[in-house]
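Peer 1: just coords:
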């Protein structure tokens, strides 16, 4: 069985894959799981990934905050 989300596979990531989850706002958790929110892929923690998959939580809309900045640059 693959162990891509622990040990050797996450050593080359920044902070060894740890940070603050954008959904639950917990600090120093592994944020290794990609989820799509508004056309942009964001990384979330394991518990939030499961909660989003089962419809218990919703992802924050991050793409709306980035698009006006891109439009102003052009």
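Peer 2: Perfect, I can see it now. Here the structure is a predicted model, which means the values were calculated and not measured.

Peer 1: The spatially most central residue of the chain bridge partners, please.
Peer 2: The residue lying closest to the centre of the chain (Cα atoms, centre = their mean) is residue 43, at 1.5 Å. Going by DSSP bridges, residue 43 is paired in beta bridges with residue 34.

Peer 1: Surely it touches residue 31?
Peer 2: Yes. Taking contacts as Cβ atoms under 8 Å, residue 43 lies within contact range of residue 31: 4.5 Å. Where you see a C-beta, it was placed from the backbone N, CA and C, and this is true even at glycine.

Peer 1: ranges for the helices of the chain?
Peer 2: In the chain, the segments counted as helices under DSSP state H are 46-53, 63-73.

Peer 1: quick one: which of the ones you listed has the weakest pLDDT on average?
Peer 2: Within those, confidence is poorest for helix 63-73, with a mean of 51 (mean pLDDT).

Peer 1: Which residues does residue 29 form beta bridges with?
Peer 2: Residue 29 has these beta-bridge partners by DSSP bridges: residue 19.
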